[in-house]
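Novice: any chance you can model this:
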Amino acid sequence: MMEDLDKKCVDSKVVTIQVAVGSSNPCKVEAVRSTFSSIFVSKEDADRIFEINIHPFSVPSGVSDQPYGDKETREGATNRSTAALRQLLETEKGTCWKKHYYFGVGLEGGLEKLAIDNSGTVDELWCMAWMCIIGPKYGNVCLNEEVFDDNGRNIHNNSMLWGEKCDAPFEISMTKNYYTSSSKTASFLLPPSITDLVLSQNMELGQADDIVFSRVNSKHGSGTVGILTDNIIARSDYYVHALQLALIPWISSKLYFT
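Specialist: Numbers count the residues shown, from 1 in each chain. Alright, predicted model coming up:
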């Protein structure tokens, strides 16, 4: 039965992109959906049709509730992408692997403190976010190029690269079969009213937004960027650009996976 299932998958023109998102936040999930659609659906041709499935997972970031600086924020995004991918691969065991590409995506918002003189006093607070995408190390998902290993074998025919059909521990498979790419959004200056609440009362940014703008749970809505730009830049759109940049290795794979 499994052989028949594998044959059906190989013969099909449908290439399934399974994306694990390390968050159940609607804005983040929509940003990931929009990003993968913009990259992969545009590459459809007579031989391949992409089906994109998004799987949100509520996973811990492994960093503080309000990350500061690039290092901590990037670490949070990486932890989320890894944990989400692990959960997805665990739930997918025993299914058809061929022509399935598995990705893990983490998005983590953070803040940057800036002192504009030599006093050491924090005068400005900037908002930004890091993206992390983990995906298959071999082959160009978008451009349908054949890629061969050192022994001349077509890597696209190796089902071990599509997921965790093998019995190798997750950490070993991650090292051998997956590539990690990160990117950062643009940053913007927070107004003094929010900066003061975050720094003087040790608040998370979302809590400060709720107080200043008289909202409830704004971090699951339009977020700070949406509020401050009057939705000229929607929160999901703010993430999309950085997510597209994080997908560069799978768009231009010959420059990364050689």
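Novice: pull out the buried positions in the longest helix seen in the chain.
Specialist: Longest helix in the chain, counting residues (DSSP state H): helix 69-92. Neighbour counts over helix 69-92 (16 or more other Cβ atoms under 10 Å) mark 72-89, 92 as buried. C-beta: built from backbone N, CA, C; applies to glycine.
Novice: equivalent analysis for stretch 34-49, please.
Specialist: So stretch 34-49, judged by 16+ other Cβ under 10 Å, has buried residues 34-36, 39-40, 48.
Novice: helices of this protein, residue ranges please.
Specialist: Taking DSSP H as the criterion, the chain carries its helices at 2-11, 26-40, 69-92, 170-177, 192-200, 205-213, 223-228, 235-246, 248-251.
Novice: what would these look like in JSON lines with distance to V105?
Specialist: Shown next, in JSON lines, are the helices of the chain (distance: least, Cβ to Cβ, whole Å):
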{"stretch": "helix 2-11", "distance to V105": "23"}
{"stretch": "helix 26-40", "distance to V105": "5"}
{"stretch": "helix 69-92", "distance to V105": "5"}
{"stretch": "helix 170-177", "distance to V105": "15"}
{"stretch": "helix 192-200", "distance to V105": "26"}
{"stretch": "helix 205-213", "distance to V105": "20"}
{"stretch": "helix 223-228", "distance to V105": "17"}
{"stretch": "helix 235-246", "distance to V105": "7"}
{"stretch": "helix 248-251", "distance to V105": "12"}
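Novice: closest to V59 out of these?
Specialist: Among the helices of the chain, helix 69-92 comes nearest to V59, with 3.8 Å by Cβ to Cβ.
Novice: which elements pack onto the closest one?
Specialist: Packed against helix 69-92, as judged by 3 or more Cβ pairs under 8 Å, 6 or more residues apart in numbering; DSSP states H and E, are the following elements: strand 14-21, strand 49-56, strand 100-114, strand 124-136, helix 170-177, strand 178-184.
Novice: mean pLDDT for the ones you listed: which is lowest?
Specialist: When the helices and strands packed on helix 69-92 are ranked by mean pLDDT, helix 170-177 comes last with a mean of 62.
Novice: quick revisit: a markdown table for the helices and strands packed on helix 69-92, including distance to R215?
Specialist: Converted to a markdown table, the helices and strands packed on helix 69-92 look like this (distance: least, Cβ to Cβ, whole Å):
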| stretch | distance to R215 |
| --- | --- |
| strand 14-21 | 24 |
| strand 49-56 | 23 |
| strand 100-114 | 16 |
| strand 124-136 | 16 |
| helix 170-177 | 39 |
| strand 178-184 | 26 |
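Novice: and those: which comes nearest Y238?
Specialist: strand 124-136 (7.6 Å).
Novice: that closest one to helix 235-246, inter-axis angle?
Specialist: 50 degrees (axes from the mean of the first three to the mean of the last three Cα atoms, to 10 degrees).
Novice: any idea how far strand 124-136 is from the chain center?
Specialist: Relative to the mean C-alpha coordinate of its chain, strand 124-136 is positioned 9 Å out (Cα atoms, centre = their mean, to the nearest Å).
Novice: C-alpha coordinates for that strand, CSV please?
Specialist: Extracted as CSV, the C-alpha positions of strand 124-136 are listed here (Å, rounded to 0.1, in the frame of the first residue of the first chain):
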residue,chain,number,x,y,z
GLU,A,124,15.3,55.8,22.0
LEU,A,125,13.6,52.5,21.6
TRP,A,126,13.3,50.9,18.1
CYS,A,127,11.0,48.1,17.0
MET,A,128,12.1,45.3,14.7
ALA,A,129,11.6,41.6,14.1
TRP,A,130,13.7,38.6,13.0
MET,A,131,12.5,35.8,10.7
CYS,A,132,14.0,32.3,10.5
ILE,A,133,13.2,29.7,7.9
ILE,A,134,14.4,26.1,7.9
GLY,A,135,13.9,24.1,4.8
PRO,A,136,15.4,21.3,2.6
